[in-house]
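Student: Fold the following for me, if possible:
(chains A and B)
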Protein chains: 2
Amino acid sequence: MINTLVAKVKRVLQGCRAIAASEEDVKLLGSVGSPFVIRVQIALALKGIDYKFVPENLANKSELLLKYNPVYKKIPVFVHNEKPISESLVILEYIDETWTQNPIFPSDPYQRAMARFWCKFIDDKCVAAALKSVFLVDEKERKKAREELLNVLQFLENELKDKFFGGKEIGIVDIAALFIPLLQELAEFQLFTSEKLPKLHKWSREFYKHPIVKECFPLKEQQLAYYKAVAGILAALLK
Amino acid sequence: MINTLVAKVKRVLQGCRAIAASEEDVKLLGSVGSPFVIRVQIALALKGIDYKFVPENLANKSELLLKYNPVYKKIPVFVHNEKPISESLVILEYIDETWTQNPIFPSDPYQRAMARFWCKFIDDKCVAAALKSVFLVDEKERKKAREELLNVLQFLENELKDKFFGGKEIGIVDIAALFIPLLQELAEFQLFTSEKLPKLHKWSREFYKHPIVKECFPLKEQQLAYYKAVAGILAALLK
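Tutor: Model prediction:
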(Lines give C-alpha, C1' and ligand atoms only; values in the text may rest on other atoms or scores of the structure.)
Protein backbone atom coordinates (compact mmCIF):
# COMPACT_ATOMS: atom_id res chain seq x y z
CA MET A 1 0.00 0.00 0.00
CA ILE A 2 2.75 2.46 1.06
CA ASN A 3 4.96 1.20 -1.76
CA THR A 4 2.19 1.86 -4.31
CA LEU A 5 1.79 5.37 -2.97
CA VAL A 6 5.52 6.06 -3.13
CA ALA A 7 5.64 4.70 -6.69
CA LYS A 8 2.70 6.90 -7.70
CA VAL A 9 4.22 10.05 -6.19
CA LYS A 10 7.56 9.23 -7.84
CA ARG A 11 5.88 8.90 -11.26
CA VAL A 12 4.27 12.32 -10.88
CA LEU A 13 7.62 13.86 -9.93
CA GLN A 14 9.33 12.11 -12.86
CA GLY A 15 6.79 13.58 -15.27
CA CYS A 16 7.49 17.07 -13.92
CA ARG A 17 11.23 16.53 -14.34
CA ALA A 18 10.90 15.30 -17.94
CA ILE A 19 8.97 18.42 -18.89
CA ALA A 20 11.34 20.69 -17.01
CA ALA A 21 14.36 19.17 -18.81
CA SER A 22 13.59 21.00 -22.05
CA GLU A 23 13.90 24.33 -20.23
CA GLU A 24 17.23 23.43 -18.71
CA ASP A 25 20.75 24.24 -19.84
CA VAL A 26 22.46 20.98 -20.80
CA LYS A 27 25.91 20.96 -22.41
CA LEU A 28 28.40 18.25 -23.28
CA LEU A 29 32.05 19.12 -23.84
CA GLY A 30 33.50 16.41 -26.03
CA SER A 31 35.29 15.28 -29.15
CA VAL A 32 33.60 13.30 -31.89
CA GLY A 33 34.96 9.76 -31.85
CA SER A 34 35.79 9.47 -28.16
CA PRO A 35 34.15 6.32 -26.76
CA PHE A 36 33.82 7.98 -23.35
CA VAL A 37 31.89 10.87 -24.90
CA ILE A 38 29.70 8.45 -26.87
CA ARG A 39 28.71 6.81 -23.57
CA VAL A 40 27.15 10.10 -22.48
CA GLN A 41 25.59 10.75 -25.88
CA ILE A 42 23.83 7.36 -25.88
CA ALA A 43 22.47 7.92 -22.36
CA LEU A 44 21.12 11.34 -23.35
CA ALA A 45 19.60 9.93 -26.55
CA LEU A 46 17.93 7.07 -24.63
CA LYS A 47 16.44 9.64 -22.24
CA GLY A 48 15.44 12.02 -25.02
CA ILE A 49 17.34 14.97 -23.52
CA ASP A 50 18.28 17.89 -25.78
CA TYR A 51 21.76 19.24 -25.24
CA LYS A 52 24.39 21.45 -26.80
CA PHE A 53 27.51 19.64 -27.99
CA VAL A 54 30.61 21.80 -27.38
CA PRO A 55 33.47 20.38 -29.47
CA GLU A 56 36.90 20.37 -27.85
CA ASN A 57 40.19 20.58 -29.72
CA LEU A 58 42.34 18.17 -27.73
CA ALA A 59 45.56 19.67 -29.11
CA ASN A 60 44.51 23.06 -27.77
CA LYS A 61 42.12 22.63 -24.84
CA SER A 62 39.62 25.42 -24.19
CA GLU A 63 39.58 27.65 -21.12
CA LEU A 64 36.12 26.23 -20.42
CA LEU A 65 37.42 22.65 -20.25
CA LEU A 66 40.28 23.64 -17.94
CA LYS A 67 37.83 25.55 -15.73
CA TYR A 68 35.28 22.73 -15.60
CA ASN A 69 37.71 19.82 -15.21
CA PRO A 70 40.84 21.23 -13.53
CA VAL A 71 41.73 17.83 -12.08
CA TYR A 72 41.97 15.71 -15.25
CA LYS A 73 41.55 18.34 -18.01
CA LYS A 74 39.78 15.61 -19.99
CA ILE A 75 36.56 15.11 -21.91
CA PRO A 76 33.70 14.34 -21.50
CA VAL A 77 32.50 17.10 -19.22
CA PHE A 78 28.74 17.24 -18.73
CA VAL A 79 27.33 20.62 -17.66
CA HIS A 80 23.83 20.87 -16.23
CA ASN A 81 22.66 24.39 -15.38
CA GLU A 82 26.29 25.54 -15.17
CA LYS A 83 27.26 22.69 -12.84
CA PRO A 84 30.05 20.55 -14.36
CA ILE A 85 30.55 16.80 -13.89
CA SER A 86 33.54 14.78 -15.16
CA GLU A 87 34.24 11.04 -15.56
CA SER A 88 31.85 9.26 -17.89
CA LEU A 89 30.49 6.70 -15.41
CA VAL A 90 29.85 9.41 -12.81
CA ILE A 91 28.03 11.43 -15.48
CA LEU A 92 25.88 8.41 -16.43
CA GLU A 93 24.76 7.89 -12.83
CA TYR A 94 23.88 11.58 -12.57
CA ILE A 95 21.88 11.52 -15.80
CA ASP A 96 19.98 8.43 -14.68
CA GLU A 97 19.15 9.97 -11.30
CA THR A 98 18.16 13.35 -12.75
CA TRP A 99 16.03 12.19 -15.69
CA THR A 100 14.40 8.98 -14.53
CA GLN A 101 12.55 8.03 -17.75
CA ASN A 102 14.00 4.97 -19.57
CA PRO A 103 16.25 3.97 -16.66
CA ILE A 104 19.73 2.69 -17.56
CA PHE A 105 20.54 1.37 -14.07
CA PRO A 106 18.59 -1.56 -12.59
CA SER A 107 16.14 -0.54 -9.86
CA ASP A 108 17.10 -3.38 -7.49
CA PRO A 109 20.05 -2.38 -5.22
CA TYR A 110 21.86 -5.71 -5.68
CA GLN A 111 21.50 -5.64 -9.46
CA ARG A 112 22.66 -2.01 -9.38
CA ALA A 113 25.74 -3.05 -7.39
CA MET A 114 26.47 -5.77 -9.97
CA ALA A 115 26.11 -3.24 -12.81
CA ARG A 116 28.57 -0.89 -11.07
CA PHE A 117 30.97 -3.79 -10.53
CA TRP A 118 30.97 -4.70 -14.25
CA CYS A 119 31.36 -1.07 -15.34
CA LYS A 120 34.43 -0.77 -13.13
CA PHE A 121 35.72 -4.11 -14.48
CA ILE A 122 35.32 -2.83 -18.04
CA ASP A 123 37.24 0.37 -17.31
CA ASP A 124 39.94 -1.31 -15.21
CA LYS A 125 40.52 -4.48 -17.21
CA CYS A 126 39.07 -4.28 -20.73
CA VAL A 127 39.63 -0.78 -22.16
CA ALA A 128 43.45 -0.80 -22.19
CA ALA A 129 43.60 -4.42 -23.43
CA ALA A 130 41.21 -3.63 -26.31
CA LEU A 131 43.11 -0.49 -27.36
CA LYS A 132 46.39 -2.40 -27.23
CA SER A 133 44.88 -5.20 -29.34
CA VAL A 134 44.11 -2.69 -32.07
CA PHE A 135 46.80 -0.04 -31.90
CA LEU A 136 50.04 -1.73 -30.80
CA VAL A 137 52.49 -1.70 -33.70
CA ASP A 138 54.58 -4.70 -32.68
CA GLU A 139 52.73 -7.82 -33.86
CA LYS A 140 53.94 -10.04 -31.03
CA GLU A 141 52.92 -7.50 -28.39
CA ARG A 142 49.58 -7.00 -30.12
CA LYS A 143 48.88 -10.73 -30.08
CA LYS A 144 49.74 -10.86 -26.39
CA ALA A 145 47.29 -8.03 -25.70
CA ARG A 146 44.62 -9.87 -27.67
CA GLU A 147 45.10 -12.98 -25.56
CA GLU A 148 44.74 -10.84 -22.46
CA LEU A 149 41.62 -9.22 -23.91
CA LEU A 150 40.03 -12.61 -24.66
CA ASN A 151 40.67 -13.68 -21.07
CA VAL A 152 38.89 -10.67 -19.58
CA LEU A 153 36.09 -10.70 -22.16
CA GLN A 154 35.35 -14.30 -21.11
CA PHE A 155 34.05 -12.88 -17.81
CA LEU A 156 31.67 -10.60 -19.74
CA GLU A 157 30.62 -13.51 -21.98
CA ASN A 158 29.61 -15.45 -18.84
CA GLU A 159 27.61 -12.47 -17.58
CA LEU A 160 25.51 -12.06 -20.72
CA LYS A 161 22.16 -13.67 -19.92
CA ASP A 162 19.85 -11.87 -22.37
CA LYS A 163 19.91 -9.81 -25.59
CA PHE A 164 21.74 -7.03 -23.72
CA PHE A 165 23.54 -6.85 -20.37
CA GLY A 166 20.59 -4.69 -19.31
CA GLY A 167 18.10 -7.40 -20.37
CA LYS A 168 15.76 -6.76 -23.29
CA GLU A 169 16.87 -3.13 -23.41
CA ILE A 170 20.26 -1.40 -23.35
CA GLY A 171 21.54 -0.63 -19.85
CA ILE A 172 24.57 0.90 -18.17
CA VAL A 173 26.87 -2.12 -18.71
CA ASP A 174 26.08 -2.15 -22.45
CA ILE A 175 26.88 1.56 -22.63
CA ALA A 176 30.12 1.12 -20.65
CA ALA A 177 31.19 -1.75 -22.93
CA LEU A 178 30.48 0.12 -26.19
CA PHE A 179 34.12 0.42 -27.16
CA ILE A 180 34.09 -3.34 -27.81
CA PRO A 181 31.70 -3.16 -30.81
CA LEU A 182 33.29 0.17 -31.82
CA LEU A 183 36.82 -1.27 -31.98
CA GLN A 184 35.56 -4.57 -33.39
CA GLU A 185 34.20 -2.63 -36.39
CA LEU A 186 37.12 -0.19 -36.57
CA ALA A 187 39.91 -2.78 -36.59
CA GLU A 188 40.84 -4.41 -39.87
CA PHE A 189 40.61 -7.80 -38.17
CA GLN A 190 38.15 -9.27 -35.70
CA LEU A 191 39.06 -8.66 -32.06
CA PHE A 192 37.20 -11.88 -31.26
CA THR A 193 35.20 -14.38 -33.27
CA SER A 194 31.77 -15.94 -32.87
CA GLU A 195 33.47 -19.28 -32.17
CA LYS A 196 35.50 -17.95 -29.26
CA LEU A 197 32.91 -15.69 -27.59
CA PRO A 198 29.55 -16.47 -29.24
CA LYS A 199 27.26 -14.51 -26.91
CA LEU A 200 29.46 -11.41 -26.83
CA HIS A 201 29.85 -11.56 -30.62
CA LYS A 202 26.07 -11.60 -31.07
CA TRP A 203 25.65 -8.82 -28.48
CA SER A 204 28.27 -6.70 -30.26
CA ARG A 205 26.25 -6.87 -33.50
CA GLU A 206 22.90 -6.26 -31.79
CA PHE A 207 24.34 -3.27 -29.98
CA TYR A 208 25.92 -1.84 -33.12
CA LYS A 209 22.66 -1.93 -35.06
CA HIS A 210 20.44 -0.56 -32.25
CA PRO A 211 18.74 2.60 -33.64
CA ILE A 212 19.79 4.90 -30.76
CA VAL A 213 23.36 3.60 -30.86
CA LYS A 214 23.52 3.97 -34.64
CA GLU A 215 22.46 7.59 -34.28
CA CYS A 216 25.29 8.26 -31.80
CA PHE A 217 28.11 6.22 -33.33
CA PRO A 218 30.64 8.27 -35.32
CA LEU A 219 32.01 7.41 -38.76
CA LYS A 220 35.19 5.35 -39.02
CA GLU A 221 37.12 8.40 -40.27
CA GLN A 222 35.96 10.44 -37.27
CA GLN A 223 37.08 7.71 -34.91
CA LEU A 224 40.48 7.44 -36.56
CA ALA A 225 40.86 11.23 -36.39
CA TYR A 226 40.09 11.07 -32.66
CA TYR A 227 42.66 8.35 -32.01
CA LYS A 228 45.20 10.36 -34.00
CA ALA A 229 44.46 13.41 -31.84
CA VAL A 230 45.01 11.42 -28.63
CA ALA A 231 48.07 9.58 -29.99
CA GLY A 232 50.20 10.89 -27.10
CA ILE A 233 47.83 9.55 -24.42
CA LEU A 234 47.44 6.32 -26.37
CA ALA A 235 51.22 5.88 -26.63
CA ALA A 236 51.57 6.22 -22.84
CA LEU A 237 48.80 3.64 -22.39
CA LEU A 238 50.36 1.24 -24.87
CA LYS A 239 53.75 1.23 -23.16
CA MET B 1 3.62 19.17 -0.27
CA ILE B 2 4.30 16.06 -2.42
CA ASN B 3 7.97 16.18 -1.40
CA THR B 4 7.01 16.21 2.31
CA LEU B 5 4.76 13.20 1.75
CA VAL B 6 7.50 11.28 -0.09
CA ALA B 7 9.98 12.10 2.68
CA LYS B 8 7.52 10.92 5.33
CA VAL B 9 6.79 7.62 3.53
CA LYS B 10 10.51 7.08 2.99
CA ARG B 11 11.21 7.52 6.71
CA VAL B 12 8.60 4.89 7.60
CA LEU B 13 10.12 2.44 5.11
CA GLN B 14 13.61 3.15 6.46
CA GLY B 15 12.49 2.30 9.96
CA CYS B 16 11.11 -1.05 8.73
CA ARG B 17 14.40 -1.81 6.99
CA ALA B 18 16.52 -1.00 10.05
CA ILE B 19 14.54 -3.46 12.14
CA ALA B 20 14.67 -6.11 9.43
CA ALA B 21 18.47 -5.80 9.20
CA SER B 22 19.03 -7.63 12.46
CA GLU B 23 17.30 -10.71 11.04
CA GLU B 24 19.44 -10.73 7.93
CA ASP B 25 22.59 -12.65 7.12
CA VAL B 26 25.42 -10.14 6.74
CA LYS B 27 29.04 -11.28 6.29
CA LEU B 28 32.29 -9.52 5.49
CA LEU B 29 35.25 -11.47 4.12
CA GLY B 30 38.35 -9.48 4.96
CA SER B 31 41.75 -9.19 6.58
CA VAL B 32 42.43 -7.05 9.62
CA GLY B 33 44.52 -4.05 8.57
CA SER B 34 43.33 -3.72 4.96
CA PRO B 35 42.20 -0.11 4.38
CA PHE B 36 39.66 -1.32 1.80
CA VAL B 37 38.09 -3.64 4.39
CA ILE B 38 38.08 -0.85 7.00
CA ARG B 39 36.04 1.27 4.58
CA VAL B 40 33.26 -1.31 4.76
CA GLN B 41 33.62 -1.76 8.53
CA ILE B 42 33.21 1.98 9.16
CA ALA B 43 30.11 2.15 6.94
CA LEU B 44 28.54 -0.80 8.78
CA ALA B 45 29.43 0.72 12.17
CA LEU B 46 27.91 4.09 11.17
CA LYS B 47 24.71 2.30 10.15
CA GLY B 48 24.68 0.08 13.23
CA ILE B 49 24.55 -3.15 11.21
CA ASP B 50 25.62 -6.39 12.89
CA TYR B 51 27.74 -8.67 10.71
CA LYS B 52 30.00 -11.67 10.85
CA PHE B 53 33.65 -10.96 10.05
CA VAL B 54 35.17 -13.88 8.10
CA PRO B 55 38.98 -13.56 8.25
CA GLU B 56 40.86 -14.41 5.06
CA ASN B 57 44.40 -15.74 4.94
CA LEU B 58 45.77 -13.89 1.91
CA ALA B 59 48.63 -16.38 1.51
CA ASN B 60 46.09 -19.21 1.23
CA LYS B 61 42.79 -17.83 -0.02
CA SER B 62 39.64 -19.69 0.97
CA GLU B 63 37.33 -21.56 -1.41
CA LEU B 64 34.62 -19.15 -0.32
CA LEU B 65 36.61 -16.08 -1.44
CA LEU B 66 37.39 -17.66 -4.83
CA LYS B 67 33.71 -18.58 -5.24
CA TYR B 68 32.43 -15.14 -4.26
CA ASN B 69 35.01 -13.04 -6.12
CA PRO B 70 36.22 -15.16 -9.06
CA VAL B 71 37.18 -12.06 -11.05
CA TYR B 72 39.64 -10.38 -8.68
CA LYS B 73 39.97 -12.99 -5.90
CA LYS B 74 40.40 -10.06 -3.51
CA ILE B 75 39.00 -8.79 -0.23
CA PRO B 76 36.73 -7.19 0.86
CA VAL B 77 33.75 -9.28 -0.20
CA PHE B 78 30.46 -8.28 1.37
CA VAL B 79 27.79 -10.97 1.50
CA HIS B 80 24.16 -10.05 2.15
CA ASN B 81 21.74 -12.97 2.36
CA GLU B 82 24.19 -15.14 0.37
CA LYS B 83 24.60 -12.52 -2.39
CA PRO B 84 28.24 -11.42 -2.73
CA ILE B 85 29.50 -7.96 -3.73
CA SER B 86 33.14 -7.02 -4.39
CA GLU B 87 35.01 -3.71 -4.74
CA SER B 88 34.85 -1.49 -1.66
CA LEU B 89 33.20 1.56 -3.27
CA VAL B 90 30.53 -0.62 -4.90
CA ILE B 91 29.89 -2.24 -1.51
CA LEU B 92 29.56 1.19 0.16
CA GLU B 93 26.92 2.32 -2.35
CA TYR B 94 25.00 -0.92 -1.78
CA ILE B 95 25.12 -0.54 2.00
CA ASP B 96 23.92 3.06 1.79
CA GLU B 97 21.03 2.11 -0.51
CA THR B 98 20.02 -0.94 1.53
CA TRP B 99 20.20 0.55 5.04
CA THR B 100 19.24 4.18 4.63
CA GLN B 101 19.73 5.34 8.25
CA ASN B 102 22.73 7.68 8.78
CA PRO B 103 23.30 8.23 5.05
CA ILE B 104 26.91 8.35 3.87
CA PHE B 105 26.12 9.67 0.38
CA PRO B 106 24.62 13.15 -0.10
CA SER B 107 20.93 13.13 -1.05
CA ASP B 108 21.29 15.76 -3.80
CA PRO B 109 22.16 14.13 -7.17
CA TYR B 110 24.82 16.73 -8.03
CA GLN B 111 26.50 16.44 -4.64
CA ARG B 112 26.32 12.65 -5.01
CA ALA B 113 28.05 12.91 -8.40
CA MET B 114 30.77 15.07 -6.83
CA ALA B 115 31.23 12.52 -4.02
CA ARG B 116 31.60 9.70 -6.58
CA PHE B 117 34.07 11.81 -8.56
CA TRP B 118 36.29 12.36 -5.50
CA CYS B 119 36.13 8.71 -4.45
CA LYS B 120 37.33 7.70 -7.91
CA PHE B 121 40.04 10.38 -7.74
CA ILE B 122 41.22 8.99 -4.40
CA ASP B 123 41.44 5.43 -5.76
CA ASP B 124 42.98 6.44 -9.11
CA LYS B 125 45.42 9.12 -7.98
CA CYS B 126 46.07 9.05 -4.23
CA VAL B 127 46.24 5.44 -3.01
CA ALA B 128 49.31 4.34 -4.99
CA ALA B 129 51.14 7.63 -4.34
CA ALA B 130 50.52 7.33 -0.58
CA LEU B 131 51.67 3.70 -0.41
CA LYS B 132 54.77 4.58 -2.42
CA SER B 133 55.50 7.51 -0.07
CA VAL B 134 55.58 5.12 2.87
CA PHE B 135 56.88 1.81 1.52
CA LEU B 136 59.39 2.58 -1.25
CA VAL B 137 62.84 1.57 -0.10
CA ASP B 138 64.86 3.92 -2.31
CA GLU B 139 64.91 7.32 -0.60
CA LYS B 140 65.03 9.34 -3.82
CA GLU B 141 62.09 7.43 -5.29
CA ARG B 142 60.19 7.78 -2.04
CA LYS B 143 60.71 11.54 -2.02
CA LYS B 144 59.49 11.73 -5.61
CA ALA B 145 56.33 9.80 -4.66
CA ARG B 146 55.78 12.17 -1.76
CA GLU B 147 55.96 15.19 -4.07
CA GLU B 148 53.40 13.51 -6.32
CA LEU B 149 51.21 12.75 -3.30
CA LEU B 150 51.32 16.38 -2.12
CA ASN B 151 50.26 17.51 -5.59
CA VAL B 152 47.17 15.29 -5.66
CA LEU B 153 46.30 15.93 -2.00
CA GLN B 154 46.21 19.65 -2.80
CA PHE B 155 43.01 18.97 -4.78
CA LEU B 156 41.47 17.33 -1.71
CA GLU B 157 42.66 20.22 0.48
CA ASN B 158 40.77 22.62 -1.80
CA GLU B 159 37.64 20.46 -1.56
CA LEU B 160 37.50 20.43 2.23
CA LYS B 161 34.89 23.01 3.20
CA ASP B 162 33.79 21.76 6.64
CA LYS B 163 34.92 19.51 9.50
CA PHE B 164 34.59 16.49 7.19
CA PHE B 165 34.22 16.08 3.43
CA GLY B 166 30.67 14.97 4.26
CA GLY B 167 30.02 18.20 6.24
CA LYS B 168 29.53 18.02 10.02
CA GLU B 169 29.41 14.21 9.82
CA ILE B 170 31.57 11.58 8.15
CA GLY B 171 30.53 10.79 4.56
CA ILE B 172 31.63 8.58 1.69
CA VAL B 173 34.63 10.74 0.68
CA ASP B 174 35.97 10.68 4.25
CA ILE B 175 35.62 6.90 4.30
CA ALA B 176 37.29 6.53 0.88
CA ALA B 177 40.19 8.76 2.00
CA LEU B 178 40.79 6.91 5.28
CA PHE B 179 44.12 5.46 4.23
CA ILE B 180 45.54 9.01 4.47
CA PRO B 181 45.14 9.28 8.28
CA LEU B 182 45.98 5.56 8.58
CA LEU B 183 49.29 5.88 6.75
CA GLN B 184 50.00 9.27 8.31
CA GLU B 185 49.92 7.57 11.74
CA LEU B 186 51.64 4.38 10.58
CA ALA B 187 54.64 6.03 8.90
CA GLU B 188 57.59 7.02 11.03
CA PHE B 189 57.51 10.46 9.41
CA GLN B 190 54.65 12.80 8.49
CA LEU B 191 53.29 12.29 4.98
CA PHE B 192 52.32 15.95 5.02
CA THR B 193 52.53 18.74 7.57
CA SER B 194 50.02 21.25 8.89
CA GLU B 195 51.99 24.01 7.10
CA LYS B 196 51.67 22.40 3.69
CA LEU B 197 48.07 21.13 3.84
CA PRO B 198 46.49 22.73 6.95
CA LYS B 199 42.85 21.72 6.31
CA LEU B 200 43.69 18.13 5.39
CA HIS B 201 46.03 17.85 8.37
CA LYS B 202 43.27 18.94 10.74
CA TRP B 203 40.75 16.64 8.99
CA SER B 204 43.15 13.71 9.32
CA ARG B 205 43.30 14.17 13.10
CA GLU B 206 39.55 14.72 13.46
CA PHE B 207 38.86 11.60 11.43
CA TYR B 208 41.37 9.51 13.38
CA LYS B 209 39.82 10.39 16.72
CA HIS B 210 36.16 9.96 15.65
CA PRO B 211 34.60 7.34 17.99
CA ILE B 212 33.27 5.10 15.17
CA VAL B 213 36.56 5.29 13.28
CA LYS B 214 38.56 4.55 16.45
CA GLU B 215 36.45 1.45 17.02
CA CYS B 216 37.23 0.19 13.46
CA PHE B 217 40.88 1.18 13.10
CA PRO B 218 43.33 -1.68 13.65
CA LEU B 219 46.49 -1.56 15.75
CA LYS B 220 49.76 -0.55 14.11
CA GLU B 221 51.07 -4.13 14.42
CA GLN B 222 47.97 -5.47 12.69
CA GLN B 223 48.42 -3.00 9.85
CA LEU B 224 52.09 -3.87 9.46
CA ALA B 225 51.19 -7.59 9.43
CA TYR B 226 48.65 -6.90 6.66
CA TYR B 227 51.18 -4.99 4.52
CA LYS B 228 53.66 -7.83 5.05
CA ALA B 229 51.03 -10.33 3.86
CA VAL B 230 50.38 -8.33 0.68
CA ALA B 231 54.07 -7.57 0.07
CA GLY B 232 53.89 -9.17 -3.38
CA ILE B 233 50.97 -7.00 -4.52
CA LEU B 234 52.61 -3.98 -2.93
CA ALA B 235 55.90 -4.67 -4.75
CA ALA B 236 54.08 -4.77 -8.12
CA LEU B 237 52.39 -1.47 -7.26
CA LEU B 238 55.65 0.15 -6.19
CA LYS B 239 57.47 -0.69 -9.40
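
Student: Please parse chain A into its domains.
Tutor: A:2-98, A:109-208 (automatic domain parsing).

Student: and those as CSV, adding mean pLDDT, distance to B:Pro211 and mean neighbour count?
Tutor: C-beta: built from backbone N, CA, C; applies to glycine. Putting the domains of chain A into CSV (pLDDT from 0 to 100; distance: least, CB to CB, whole Å; neighbours: other CB atoms under 10 Å in any protein chain shown) gives the following:
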stretch, mean pLDDT, distance to B:Pro211, mean neighbour count
domain A:2-98, 86, 31, 17
domain A:109-208, 94, 28, 18
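
Student: Can you add distance to chain B and give the ones you listed back as TSV?
Tutor: Listed next are the domains of chain A as TSV, based on distance: least, CB to the nearest CB, whole Å:
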stretch	distance to chain B
domain A:2-98	4
domain A:109-208	4
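
Student: For the residue most central in space within chain A, list the residues it contacts.
Tutor: The geometric centre of chain A, computed from its C-alpha atoms, lies nearest to A:Arg39 (CA atoms, centre = their mean), at 2.8 Å. Each residue near A:Arg39 by CB atoms under 8 Å, 6 or more residues apart in numbering or on different chains is listed here: A:76, A:88-89, A:91-92, A:175-176, A:178.

Student: what's the answer for A:Leu183, then?
Tutor: A:130-131, A:133-134, A:191.

Student: returning to that earlier point: now the contacts of A:Arg39 as CSV including distance to B:Lys228 and secondary structure?
Tutor: Shown next, in CSV, are those (distance: CB to CB, whole Å; DSSP: H, G, I helix; E, B strand; the rest coil):
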residue, distance to B:Lys228, secondary structure
A:Pro76, 42, coil
A:Ser88, 38, helix
A:Leu89, 34, helix
A:Ile91, 40, helix
A:Leu92, 39, helix
A:Ile175, 41, helix
A:Ala176, 36, helix
A:Leu178, 42, coil
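
Student: Quick check: of these, which lies closest to B:Ser34?
Tutor: Proximity to B:Ser34 was ranked across the contacts of A:Arg39 by CB to CB; first place goes to A:Leu89, at 24.3 Å.

Student: Let me know the helix or strand that the nearest residue to the closest one once chain neighbours are set aside is in.
Tutor: Leaving aside its sequence neighbours, A:Leu89 sits nearest to A:Cys119 (CB to CB, 6 or more residues apart in numbering or on different chains; 5.4 Å). Applying DSSP states H and E as the criterion places A:Cys119 in helix A:109-121.

Student: Which residues does the next helix or strand after that helix contact?
Tutor: Next helix or strand after helix A:109-121 toward the C-terminus (DSSP H and E): helix A:127-135. Helix A:127-135 has contacts (CB under 8 Å, 6+ apart) with A:141-142, A:145-146, A:148-149, A:152, A:179-180, A:183, A:186-187, A:191, A:227, A:234, A:237-238.

Student: Which ones among these map onto helices?
Tutor: A:141-142, A:145-146, A:148-149, A:152, A:179-180, A:183, A:186, A:227, A:234, A:237-238 (DSSP state H).

Student: Surely A:Glu206 and A:Lys163 touch.
Tutor: Yes: using CB atoms under 8 Å, A:Glu206 is in contact with A:Lys163, at 6.0 Å.

Student: can you put the domains of chain A in a markdown table and add distance to B:Lys83?
Tutor: As requested, the domains of chain A are arranged in a markdown table below (distance: least, CB to CB, whole Å):
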| stretch | distance to B:Lys83 |
| --- | --- |
| domain A:2-98 | 21 |
| domain A:109-208 | 5 |
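
Student: For B:Pro84, find the nearest of the ones you listed.
Tutor: Between B:Pro84 and the domains of chain A, the shortest gap by CB to CB is with domain A:109-208, which sits at 9.8 Å.

Student: returning to that earlier point: for B:Lys168, which of the domains of chain A is the nearest?
Tutor: The nearest among the domains of chain A, by CB to CB, is domain A:2-98 at 22.9 Å.

Student: mind checking how far that closest one is from the chain centre?
Tutor: Counting by CA atoms, centre = their mean, to the nearest Å, domain A:2-98 is centred 12 Å from the centre of its parent chain.

Student: hang on, A:Tyr208 packs against A:Cys216?
Tutor: No: assessed by CB under 8 Å, A:Tyr208 is found out of contact with A:Cys216, at 11.2 Å.

Student: hmm, back to that, now the angle from the helix holding A:Cys119 to helix B:109-121?
Tutor: Put simply, helix A:109-121 runs at 50 degrees to helix B:109-121, going by axes from the mean of the first three to the mean of the last three CA atoms, to 10 degrees.

Student: What is helix A:109-121 packed up against?
Tutor: helix A:139-159, helix A:172-176, strand B:83-86, helix B:88-98 (3 or more CB pairs under 8 Å, 6 or more residues apart in numbering or on different chains; DSSP states H and E).

Student: Now distance to A:Asp124 too, for the ones you listed, in JSON lines please.
Tutor: As requested, the helices and strands packed on helix A:109-121 are exported to JSON lines (distance: least, CB to CB, whole Å):
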{"stretch": "helix A:139-159", "distance to A:Asp124": "9"}
{"stretch": "helix A:172-176", "distance to A:Asp124": "11"}
{"stretch": "strand B:83-86", "distance to A:Asp124": "12"}
{"stretch": "helix B:88-98", "distance to A:Asp124": "12"}
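
Student: Ok, which of the ones you listed comes nearest B:Val71?
Tutor: Short answer: helix A:139-159, nearest of the helices and strands packed on helix A:109-121 by CB to CB, at 5.8 Å.

Student: Just checking the distance from that closest one to the centre of its chain.
Tutor: Counting by CA atoms, centre = their mean, helix A:139-159 comes out at 20 Å from the chain centroid.

Student: contacting residues around it?
Tutor: A:118, A:121-122, A:125-126, A:129-130, A:132-133, A:136, A:165, A:173, A:177, A:180, A:191-192, A:196-200, B:71.

Student: Taking their axis directions, that helix and helix A:127-135 sit at what angle?
Tutor: With the same axes, to 10 degrees applied, the angle from helix A:139-159 to helix A:127-135 works out at 130 degrees.

Student: shouldn't A:Val26 be in contact with A:Lys52?
Tutor: Yes: contact criterion CB under 8 Å: A:Val26 and A:Lys52 qualify, at 7.0 Å.
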